[in-house]
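> I would like to see how this sequence folds:
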Amino acid sequence: MNIYTLKTHKITTQDKDLFAILDTYLPNFSEGSILAITSKIVAISQGDVAPIGTVDKQALIEQEAEYFLPPATNRYGVTLTIKAGLLIPNAGIDESNGNGYHILWPRQPQQTANALRAYLCRRFNIQHAGVLITDSNVTPLRMGVTGVALAHSGFLALNNYIGVPDLFDRPLRMTQANLADAMATTAVLLMGEGNEQTPLAVIQDAGFVTFQPRDPTTEELEQLHIAREDDLYGALLTNAAWQKGGKADADKRG
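Coordinates of the predicted model:
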């Protein structure tokens, strides 16, 4: 697998056309490649921002979350939330590189990923193009952030090893590799968390990826998520005193 990042100008709320950004900074894109793009510039281009000082940040987090644990429940004053099938701080709302704005998660990231895939295929006259919309997230009991995929399109996100023999012919019973999150982690690592100004990355020669000349189906998207009670960490997740947020009844596949 090869991956390289693309430097852009400083994306601000003046940049309202995501495809114009790609027209400028993505000069070529080959068959069987994957475009990783930060959720932050997607959200900024869609206007999913709130000026700092004009809104109550805590109220905004609670409105954007499906479920939340109040900030007093941890030593960092961070609101732990569940949103779109992910356990994530502050409903994904961030101020870094926001130029005076709270940056929310983008609206309907899956639809955006699908639109980006169609754009890449049309612009570069190819059949197989992948898209990853990425963000940073934390892992329980581990310091630091890694990447996570908010949405993907154009390839199978899971590589299912169930029933496949290991080195000693023992059939694997549970293993599925999450390719979307794994590649998002690599892309986020290279794109950086500070002032690198590289919100785009291109992944090439990913021989382990099965491309599809279409958007993911509803069934394929549902396979990526686990109900709290069925999760390996279910005993922790179901016993926490979650409060309902404003998006508790929202469509998690948006």
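> Wait, a strand at residue 120?
No: if the criterion is DSSP: H, G, I helix; E, B strand; the rest coil, then residue 120 is helix and not within a strand.
> Report pLDDT for it.
Residue 120 carries a pLDDT value of 98.
> And it, how close does it get to residue 23?
11 Å (CB to CB, to the nearest Å). All C-beta atoms are positioned from the backbone trio N, CA, C, and that covers glycine.
> Show me which of the two is the more surrounded one.
Using other CB atoms under 10 Å as the criterion, residue 120 and residue 23 rank with residue 120 on top: 22 against 12.
> dump the residue contacts of the more buried one.
When contacts are counted by CB atoms under 8 Å, 6 or more residues apart in numbering, residue 120 is found next to 29, 35, 126, 129, 131.
> Quick check: which element contains the last one?
When elements are defined using DSSP states H and E, residue 131 is found to belong to strand 129-139.
> what's the angle between the helix or strand just after that strand and strand 129-139?
Later in the chain than strand 129-139, the nearest helix or strand by DSSP H and E is strand 142-153. Angle, strand 142-153 to strand 129-139, by axes from the mean of the first three to the mean of the last three CA atoms, to 10 degrees: 150 degrees.
> Partner strands of strand 142-153, with direction?
Each strand paired with strand 142-153, and its direction, by DSSP bridges: strand 129-139 (antiparallel).
> The strand it pairs with: which residues count as buried?
129-138 (16 or more other CB atoms under 10 Å).
> which ones are touching the residue sitting nearest the centre point of the chain?
Nearest to the geometric centre of the chain sits residue 150, at 2.4 Å (CA atoms, centre = their mean). Contacts here follow CB under 8 Å, 6+ apart; on that basis residue 150 touches 39, 84, 86, 105-106, 109, 133-135.
> please redo it, this time with the cut-off set to 10 Å
Counting by CB atoms under 10 Å, 6 or more residues apart in numbering, residue 150 makes contact with 38-39, 42, 83-86, 88, 92, 105-106, 109-110, 112-113, 132-135, 137, 180, 184.
> taking these one by one, which sit in helices?
Taking DSSP state H as the definition of helices, those contribute 39, 42, 109-110, 112-113, 180, 184.
> Helices of this structure, residue ranges please.
18-25, 39-46, 57-64, 109-124, 179-191, 218-222, 234-239.
> helices and strands around the first one, which ones?
Under the contact criterion of 3 or more CB pairs under 10 Å, 6 or more residues apart in numbering; DSSP states H and E, the helices and strands touching helix 18-25 comprise strand 2-6, strand 33-38, helix 39-46, helix 109-124, strand 200-204.
> Can you say which of the ones you listed is packed in most?
strand 33-38 (a mean of 26; mean count of other CB atoms under 10 Å).
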